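S.K.: I'd like to go over a predicted model; first the sequence, then the structure.
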Amino acid sequence: MNKFQRGISIEGVVAAAFLLAIFSILGMKLMPHYMENKIIQNIFIALANDPEMKQSTIIEIQGAYNKRAGIDNINVINYTDIHIDNTNGSLYLSAEYEVTIPMVSNISLLLEFNPSSE
C-alpha cells in the first residue's frame, strides 16, 4: 500500500497566497497610471485627427488639450508639457513624463511614459 500523500502543503498555499497578494498590490498601484497614459494618448490621437486642429495655432491646440484633459481629470501633464509639430497640414503631438510610485519604506517604482499621436 502506497502511503505517500500527494498535493500541495500548507507552506505552498501560504507562498502562493503571498505571491498572489504581492502581484495584486503591484497591479493595483500600476494600472491607474497606465490607464491615464492611454487616455492621454487617445486625446493626442483625437486632436491630431481633428480637421479643425490642423489649421489651428499652437495656443488653440493647447487649449483644446486642456479642455479634454480637464474632462478626463488628467493632472500628470499640462498643455506646456506637450510637444506640438504642426507642419505641412499634419499635426503631431507628443509628451514625455515620469511617475514615481512609492511602494514600501524607501522603495519606489519609476514609470516613464512617452504618449504620442502616432
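M.R.: Yep, that arrived.
S.K.: which regions of the chain lie under the pLDDT threshold?
M.R.: Residues of the chain meeting the criterion pLDDT under 70: 1-2.
S.K.: show me what the lengthiest helix in it is packed against.
M.R.: Longest helix in the chain by number of residues (criterion: DSSP state H): helix 10-49. If you count contacts as 3 or more CB pairs under 8 Å, 6 or more residues apart in numbering; DSSP states H and E, helix 10-49 packs onto helix 58-71, strand 90-94, strand 97-104, strand 107-113. Every C-beta, even on glycine, is put in place using the N, C-alpha and C of the backbone.
S.K.: from residue 3, how far out is residue 79?
M.R.: 72 Å (CB to CB, to the nearest Å).
S.K.: the longest helix of the chain vs strand 90-94, what angle?
M.R.: 150 degrees (axes from the mean of the first three to the mean of the last three CA atoms, to 10 degrees).
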